[in-house]
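**Student:** Need the 3D shape of this:
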Amino acid sequence: MRESRLPRVRASELVGRGWLNTGGRDVTLADLRGKIVILDFWTFCCINCLHVLDELRSLEEQYRDVLVIVGVHSPKFVHEADPVALAAAVERYEVHHPVLDDPQLVTWSAYTARAWPTLVVIDPEGYVVAQMAGEGHQHNVEILVRELVAEHEAKGTLHRGDGPYVPPTPTAGTLRFPAKAVALPDGHLLVADAGHHSLAELEADGETLVRRIGSGERGLVDGDPSTARFAEPNGLCLVPDELRRWLGYDVLVADTVNHALRGVRLSDGVVTTVAGTGEQYMVGAADNFLAWDEDEADEELASMPVVGTPGDEVAAYASSLTVGGAGDRRPRPDPTFVPGPRRQKLSSPWDVVWSQPLGAFVVAMAGNHTLWVFDDKQGSIELLGGTLNEGLLDGPLHEAWFAQPSGLAVGTDDRIWLADSETSALRWVEPVDRTVHTVVGEGLFDFGHRDGPADQARLQHPLGVAVLPDGSVVVADTYNGAIRRYADGSVSTLATGLAEPSGIVVLDGGSTLLVVESAAHRLTRIALPATLVGQILDSGAHRTQRPVTELAPGEVRLDVVFTPAAGQKYDDRYGPSTRLQVSSTPPGLLLEGAGDDVPLDRVLRLDPSVAEGVLHVTAHAASCDADPAIEYPACHLNAQDWGVPVRLVEGAPTTLTLPLHG
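**Tutor:** Okay, the predicted model is just below:
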C-alpha cells in the first residue's frame, strides 16, 4: 500500500481559456474521475518542459487506459499566450494528450506551481497525491502510477477505458516545422525538417524536394537515407573541406531530441552517430560519461566510419591511431585513451558551428545551458563554457551563465555570435581568450520588441543568428516574428510578420536572407537593400509576470522537499546524494544563505531594505533501488532550477517550501 506523502487535498478545478486535443470539448475533473491524472505545467519555450514531454511519452503509452496526462500551458513569453502559437507548439512537439490553455496562470496559481516544469499527480478519487518540480522524475512517476493502479483497482475506484484525447489533423507539406538550413556547395539547400524527423534537400528555389535523408519516423538509427532516423533535428554545419576526407561526412547535425550529433555523407546520404549516446546528460549524474568496456571495443570500432582516402599524411595518422596500422583505417586511440564522443551523454544540442581558432565544432547545448567543443579528428568532446546554471552572466567562459543557447554563427573576425533564447539575448564569444559578452539582453524575464541603442533594445526568445559580409549581425527574433539587425551598437528591424523564424542563411553575397519560417512550414527570401537601414520600432519592453511569493524580511527557512519513491533510497555511492545552490537578484536581497551546500534546507536572511527580487534555487537529489538483492540498482537524479519572485512584507510567512518530489 502506498504511504501518504501529502495531506489528502482535493484537486482544484481546471480553469483556463480553452482546451486543445479534445475535439473542442471542455474537460472537468469530474470527467476524469476514476483515472489517474498527471498535470504537466509547461510552457513551450522551456527546454526542461520539452524534456519532460519526452519522459512522459512511454508512460502515457503504457498506461493509456488508466492514465490521463493533462498539459497545463502557463506561458512565460507574450507570444506563448497566443492561442494560434500554442496550437502550433502542441502539434510541433507531438503532444498526444489534452492541453489546457492557461494564459492568466489561474490553474498554475491554484496548484501553487513555482517552476516550469511542475508535475502534479491526482488519484482516481480526485485527491492530490504528489507534486514534483523539474525533470528526471520518469521512474518515480512510473512507480507511483503502478502503486495507484493496484490500490484503486483493489478498491474498485479505477475505471479503465479511453480518455478525452482527440488527435488533431496533421499538417501536410514538404516541410513541417523546419528548424534551420544550410546552403550546400552545389547550390542546393539542406533543411533540418524537425517535424518530419528528417533532413530535406531542396533545389535552390527552396521548394522543390531533391531527396529526403531519414525515414521520417522518430528514432536514433544510423544508415542510408531510407533507414536512418532522427528526432527533431535542428542545427546544421558544413564540415570544412580539409576535414571531410578524415571524418567521412560532410554535414554535422545537432539531433536535438536524440541528444546526439550525427554526421551525414552527401554523396550517398548515409547517416552516422558521431557523438552522444542517445540518452540525456543529467546535471550531477555519475554516468554522464560511459566507462570504456574492452568487451565492447571491437564492436564499436568496427562500426566507426573509414577515415578518408589514404595518403602519406593520412597513413601516418592511421598507423598511430588505428586498430591494425595504416592498412586498417578504423580510428583507434592508444590504450590509455578512452574514446569520448560516442560515450558522452549530451543534452538537447540545438545548433553547431565550426570555429577555426578552436580547431573544432562549437555546440550550443540548450538542454543544460552550456557550450561544448567537439573535435572528431582527435576524438574528443568537452565543456567549453557555462556552469550549468541558467541565466545571463558574462566574463570567462568557465564562469559564464547561459540560458538555452539556440543559434550560433561565426563572423569574419572569428567571433562566435550566440542567440541565447531564454534571456532573449544576443551575445558573442571570443574564442582566443574564451570570454563571453552580451550586446542585447537583460535576463531571464526581460524581453520585448524595442529597437535603438543595444543596451536598451529588446528581443523575444531568438533562435537563430547569422553574420552579414559587412560584419553586422542578423537575428531570427522568433517570438516577435521578426528579423533584427545589430550594427555599431544599435538594433533595427529588417522584417516583421514572419511565423516563428528560427534560422537564417545568408545568400548571394549578402544581398539575400533565406529565413526558415518554422511555424509557416516554409523558407522565405528577404532581399536586402544596398544600404542597410532597418526600421526603428518600439513595441515596448516586457517582464514575465508570475505570482509573487510574499515572505517576511529577516530570517526565512528554505525547505526543498524530496522523498525517494517507494522502494528507493538516497544514493550516496558517489558522494552526497543532495545539493542545494541559492543566489538572488539583486544579490543584496540575500544577507545570508547564498552559496552551495549539501542539505536541502537552509536558513536565509533577507534584507528588509530590498523590497522585492528573485530567489534562484537549484536542487539535486539522487536516489536508487533500495533492495540489496538487486546487483545493479537503477539510480535516478532529480533536478530543478527555481526562479521565485519574492516581495518582503512584514508578517508574511517565514518558510518557503519548494517540492522537488513529495
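
**Student:** mind showing which ranges of this protein have poor pLDDT?
**Tutor:** 1-7, 292-339, 530-541, 543-546, 565, 571-575, 625-627, 629-636, 662 (pLDDT under 70).

**Student:** Distance from the longest helix seen in it to the middle of the chain?
**Tutor:** Ranked by residue count and defined by DSSP state H, the top helix of the chain is helix 138-155. For helix 138-155, the separation from the chain centroid amounts to 29 Å (computed by Cα atoms, centre = their mean, to the nearest Å).

**Student:** buried set for that helix?
**Tutor:** Buried residues in helix 138-155, defined by neighbour count with 16 or more other Cβ atoms under 10 Å: 138-145, 147-149, 151-152. All C-beta atoms are positioned from the backbone trio N, CA, C, and that covers glycine.

**Student:** show me the contacts for residue 158.
**Tutor:** 34-36, 66, 124, 149, 152 (Cβ atoms under 8 Å, 6 or more residues apart in numbering).

**Student:** re earlier: okay if I get the buried residues of helix 138-155 as JSON lines plus distance to residue 78?
**Tutor:** Formatted as JSON lines, those follow (distance: Cβ to Cβ, whole Å):
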{"residue": "138", "distance to residue 78": "31"}
{"residue": "139", "distance to residue 78": "36"}
{"residue": "140", "distance to residue 78": "34"}
{"residue": "141", "distance to residue 78": "31"}
{"residue": "142", "distance to residue 78": "36"}
{"residue": "143", "distance to residue 78": "39"}
{"residue": "144", "distance to residue 78": "35"}
{"residue": "145", "distance to residue 78": "35"}
{"residue": "147", "distance to residue 78": "41"}
{"residue": "148", "distance to residue 78": "38"}
{"residue": "149", "distance to residue 78": "41"}
{"residue": "151", "distance to residue 78": "43"}
{"residue": "152", "distance to residue 78": "41"}
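
**Student:** Return the member of the residues you listed nearest to residue 215.
**Tutor:** Ranked by distance to residue 215 (Cβ to Cβ), those are led by residue 138 at 26.0 Å.

**Student:** you'd agree that closest one is up against residue 62?
**Tutor:** No: the criterion here is Cβ atoms under 8 Å, and residue 138 misses it with residue 62 at 11.3 Å.

**Student:** quick one: common contacting residues for the two?
**Tutor:** Common neighbours of residue 138 and residue 62 (Cβ under 8 Å, 6+ apart) do not exist.

**Student:** In ChimeraX, how would I select just the buried ones from the contacts of residue 158?
**Tutor:** In ChimeraX, this line selects whichever of the contacts of residue 158 come out buried by 16+ other Cβ under 10 Å:
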select :34,35,36,66,124,149,152
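
**Student:** export the contacts of residue 158 to TSV and tack on distance to residue 431 and secondary structure?
**Tutor:** Formatted as TSV, those follow (distance: Cβ to Cβ, whole Å; DSSP: H, G, I helix; E, B strand; the rest coil):
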residue	distance to residue 431	secondary structure
34	59	coil
35	53	coil
36	51	strand
66	53	coil
124	56	coil
149	54	helix
152	58	helix
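
**Student:** Turn the contacts of residue 158 into a markdown table, including distance to residue 49.
**Tutor:** Putting the contacts of residue 158 into a markdown table (distance: Cβ to Cβ, whole Å) gives the following:
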| residue | distance to residue 49 |
| --- | --- |
| 34 | 28 |
| 35 | 23 |
| 36 | 21 |
| 66 | 24 |
| 124 | 26 |
| 149 | 26 |
| 152 | 28 |
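
**Student:** Among the contacts of residue 158, which one sits closest to residue 240?
**Tutor:** Distances from residue 240 to those, taken by Cβ to Cβ, are shortest for residue 36, at 52.6 Å.

**Student:** The closest one: what's it in contact with?
**Tutor:** Contacts for residue 36 (Cβ under 8 Å, 6+ apart) come out as 63, 66-68, 121-124, 145, 148-149, 152, 158.

**Student:** Pick the one among those closest to residue 391.
**Tutor:** Relative to residue 391, the closest of the contacts of residue 36 is residue 121; by Cβ to Cβ it sits at 29.9 Å.

**Student:** I'd assumed residue 37 was in contact with that closest one.
**Tutor:** Yes: using Cβ under 8 Å, residue 121 is in contact with residue 37, at 7.4 Å.

**Student:** These two: which is more packed in?
**Tutor:** A direct count of neighbours by other Cβ atoms under 10 Å for residue 121 and residue 37 places residue 121 higher, at 24 against 21.

**Student:** for the more buried one, helix, strand, or coil?
**Tutor:** strand (DSSP: H, G, I helix; E, B strand; the rest coil).

**Student:** What sits closest to it if chain neighbours are left out?
**Tutor:** residue 130 (4.2 Å; Cβ to Cβ, 6 or more residues apart in numbering).

**Student:** Share the number of residues neighbouring that neighbour, please.
**Tutor:** A total of 23 residues lie near residue 130 under the criterion other Cβ under 10 Å.

**Student:** So what pairs up with residue 254 in the strands?
**Tutor:** Legend: beta-bridge partners of residue 254 under DSSP bridges are residue 261.

**Student:** Contact partners for it?
**Tutor:** Going by Cβ under 8 Å, 6+ apart, residue 254 touches 192, 233-236, 261, 349-352, 363-364.

**Student:** Would you convert these into a markdown table that also reports secondary structure, neighbour count and distance to residue 215?
**Tutor:** Below are those laid out as a markdown table (DSSP: H, G, I helix; E, B strand; the rest coil; neighbours: other Cβ atoms under 10 Å; distance: Cβ to Cβ, whole Å):
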| residue | secondary structure | neighbour count | distance to residue 215 |
| --- | --- | --- | --- |
| 192 | strand | 30 | 15 |
| 233 | strand | 29 | 13 |
| 234 | strand | 28 | 18 |
| 235 | strand | 28 | 21 |
| 236 | strand | 25 | 19 |
| 261 | strand | 28 | 19 |
| 349 | strand | 29 | 21 |
| 350 | strand | 26 | 23 |
| 351 | strand | 30 | 24 |
| 352 | strand | 24 | 22 |
| 363 | strand | 28 | 25 |
| 364 | strand | 29 | 26 |
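
**Student:** Number of residues surrounding the spatially closest residue to residue 217 that is not a sequence neighbour?
**Tutor:** Spatial nearest neighbour of residue 217, chain neighbours left out: residue 229 (5.5 Å); criterion: Cβ to Cβ, 6+ apart. Residue 229 has 20 neighbours, counted by other Cβ under 10 Å.

**Student:** Residue 229 contacts residue 212, doesn't it?
**Tutor:** No: the pair residue 229 and residue 212 does not pass the contact test of Cβ under 8 Å, sitting 12.0 Å apart.

**Student:** Just confirm residue 356 contacts residue 413, I think it does.
**Tutor:** No: counting by Cβ under 8 Å, residue 356 does not reach residue 413; the two are 11.0 Å apart.

**Student:** one step back: which neighbours in the sheet does the helix or strand containing the residue nearest to residue 121 have, and how are they oriented?
**Tutor:** Secondary structure assignment for residue 130, by DSSP states H and E: strand 127-133. Strand 127-133 has the following strand partners under DSSP bridges: strand 9-10 (antiparallel), strand 118-122 (antiparallel).

**Student:** okay if I get the ones you listed as TSV plus distance to residue 475?
**Tutor:** Listed next are those as TSV, based on distance: least, Cβ to Cβ, whole Å:
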stretch	distance to residue 475
strand 9-10	46
strand 118-122	31
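
**Student:** Nearest to residue 46, out of these?
**Tutor:** Across the strands paired with strand 127-133, closest to residue 46 is strand 118-122 (Cβ to Cβ), at 11.0 Å.
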